[in-house]
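**Student:** sequence-free structure coming up:
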């Protein structure tokens, strides 16, 4: 079977990502004496330049790491929260019963920068400026765009031309969609990173990284976002223009956190995922459901295998819709969702026919919250 994701092996070290420039940057860090965490951070920042349609400074970063020295695994939650002003009442006042999928209303605190900085501070060895140097070089000199980036920019070009002028300034250099394989630079992003490095002042490496984090979440980056959101009406999929709800205070009141991963043992393998603030545990519940089937005896390309795996996924995702949420504000019954007893009962719903229904389970003391029209 042909795959574009071949198995990679190495004797010195391995870096795998979705873009060769990012992978080669991470490998360069290892070859210069950096550790795996230094390499991961360098790789991540290069992806923000090389794949702007998939990564960016406004994104999030759920991270699972293995600390070989401590022989432990940890999770970094780089998922920023919604603005404090993003209440049901606020959207009702705007006449909305659904948060728009475009524009600035759905924006949350960008968590990626803090998550990568926290990883670098507590597990890495390099300075922030050093791991950023690779991404800075590409942001200044440009990256040869893969065709998918050009196609994505073209798909939103009409909005850039007529409405999202600040996006047009970034993604339509000279007023045109950059051609596939053309050099595409990000000077404004480079200037932002360079200013963060200048403000990263402190007596130790850790203090310098924390200073850069403050510059982002309590300094000029947060202030710039606040000013833009407070003073800019942005067209979204509602057909109307809205101002964003995200503020500098939202930035300042959040930081990435470290926690234990959620785990499940499946036929001798321990699988780790982030917590229910992500959809990671869904996969663990799928395994708990599949544990009762001999899928190893099925043809992995056969109808029985596909049917069984998909039906288990449907049940696990139905429970995600019903029970998942921010554990800081919502009691997620994760122990029950991953328990053998609960999934033994749920497994009985998997029959020979595909189900088209959304079927969350019942957990004592918890009310499933779902859109009943979907059930």
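**Tutor:** Perfect, thanks for sending it. The shown structure was predicted, so the numbers you read here are calculated from the model rather than taken from an experiment.
**Student:** Domain ranges for the chain, per the record?
**Tutor:** Listed domain ranges for the chain are 20-142+185-258, 262-374 (source: automatic domain parsing).
**Student:** just those domains: most buried one?
**Tutor:** Mean neighbour counts were compared across the domains of the chain using mean count of other Cβ atoms under 10 Å; the top stretch is domain 20-142+185-258, at a mean of 18. Yep, even glycine has a C-beta here, placed from its N, CA and C like the rest.
**Student:** Just the residues contacting stretch 164-175, thanks.
**Tutor:** Here stretch 164-175 makes contact (Cβ atoms under 8 Å, 6 or more residues apart in numbering) with 52, 153, 156-157, 159-161, 177-178, 184-186, 188, 228, 234-235.
**Student:** which one of the residues you listed sits closest to residue 285?
**Tutor:** Using Cβ to Cβ, residue 52 is the member of those that sits closest to residue 285, with 33.7 Å.
**Student:** where does the closest one land in three-state SS?
**Tutor:** When classified by DSSP: H, G, I helix; E, B strand; the rest coil, residue 52 comes out as coil.
**Student:** From residue 191, how far out is it?
**Tutor:** 16 Å (Cβ to Cβ, to the nearest Å).
**Student:** just residue 318 next, same as before
**Tutor:** For residue 318, the distance to residue 191 under the criterion Cβ to Cβ works out to 46 Å.
**Student:** Same question for residue 254.
**Tutor:** Residue 254 sits 24 Å away from residue 191 when distances are taken as Cβ to Cβ.
**Student:** and what of residue 204?
**Tutor:** The gap separating residue 204 from residue 191 is 26 Å, by Cβ to Cβ.
**Student:** Mind listing residues that contact stretch 339-358?
**Tutor:** Residues external to stretch 339-358 that are found in contact with it (Cβ under 8 Å, 6+ apart): 285, 288-289, 291-293, 307-308, 310-312, 314-315, 318-319, 321, 336, 359, 361, 363, 370, 374-375.
**Student:** can you map out the strands along this protein?
**Tutor:** Along the chain, the segments classed as strands by DSSP state E run 61-67, 72-78, 143-144, 183-184, 234-235, 241-242, 257-259, 262-266, 269-273.
**Student:** Show residues contacting the second one.
**Tutor:** Translated: strand 72-78. Residues outside strand 72-78 that contact it (Cβ under 8 Å, 6+ apart): 60-67, 111-112, 114-116, 118-119, 256-261, 272, 274-275, 277.
**Student:** Kindly recompute the last result at 7 Å.
**Tutor:** For strand 72-78, the external contacting residues (Cβ atoms under 7 Å, 6 or more residues apart in numbering) are 60-67, 111-112, 114-115, 118-119, 256-261, 272, 274-275, 277.
**Student:** if we can go back for a sec, of all the strands of the chain, which one comes closest to residue 133?
**Tutor:** strand 143-144 (15.0 Å).
**Student:** For that closest one, which strands pair with it and how are they oriented?
**Tutor:** strand 183-184 (antiparallel) (DSSP bridges).
**Student:** Identify the residue spatially nearest to residue 109, adjacent ones excluded.
**Tutor:** Spatially, and ignoring its direct neighbours in sequence, residue 109 is nearest to residue 80 (3.0 Å; Cβ to Cβ, 6 or more residues apart in numbering).
**Student:** before we move on, what about residue 308?
**Tutor:** Closest residue in space to residue 308, ignoring its immediate chain neighbours: residue 293 at 5.5 Å, by Cβ to Cβ, 6+ apart.
**Student:** Please apply the same query to residue 116.
**Tutor:** Taking Cβ to Cβ, 6+ apart as the measure, residue 116 lies nearest to residue 41, with 4.9 Å between them; neighbours along the chain are not counted.
**Student:** can I assume the one you found is in contact with residue 119?
**Tutor:** Yes - with contact defined as Cβ atoms under 7 Å, residue 41 and residue 119 form a contacting pair (6.1 Å).
**Student:** count of neighbours near the closest residue to residue 160 other than its chain neighbours?
**Tutor:** Nearest residue to residue 160 in three dimensions, chain neighbours excluded: residue 168, at 3.9 Å (Cβ to Cβ, 6+ apart). Other residues within reach of residue 168 by the criterion other Cβ atoms under 10 Å amount to 18.
**Student:** next one: the one 4 residues further on
**Tutor:** Other residues within reach of residue 172 by the criterion other Cβ under 10 Å amount to 18.
**Student:** where does the stretch 251-375 of the chain have low pLDDT?
**Tutor:** Segments of the stretch 251-375 of the chain classed as low confidence (criterion: pLDDT under 70) are 371-375.
**Student:** quick one, helices of it?
**Tutor:** Per DSSP state H, counting those that start in this stretch, the stretch 251-375 of the chain has helices spanning 281-290, 303-323, 334-337, 340-347. These are given in chain order.
**Student:** any chance of the ones you listed in TSV, with distance to residue 141 too?
**Tutor:** As requested, those are exported to TSV (distance: least, Cβ to Cβ, whole Å):
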stretch	distance to residue 141
helix 281-290	39
helix 303-323	42
helix 334-337	46
helix 340-347	52
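**Student:** Which one of those lies nearest to residue 26?
**Tutor:** helix 281-290 (25.3 Å).
**Student:** Can you pull out the residues in contact with the closest one?
**Tutor:** Against helix 281-290 from outside (Cβ under 7 Å, 6+ apart): 262, 264, 266, 271, 273, 309, 312-313, 315-317, 319-320, 334, 337-338, 340, 343, 346-347.
**Student:** Can you list the low-confidence ranges for the stretch 101-250 of the chain?
**Tutor:** With pLDDT under 70 as the threshold, the stretch 101-250 of the chain has no low-confidence stretch at all.
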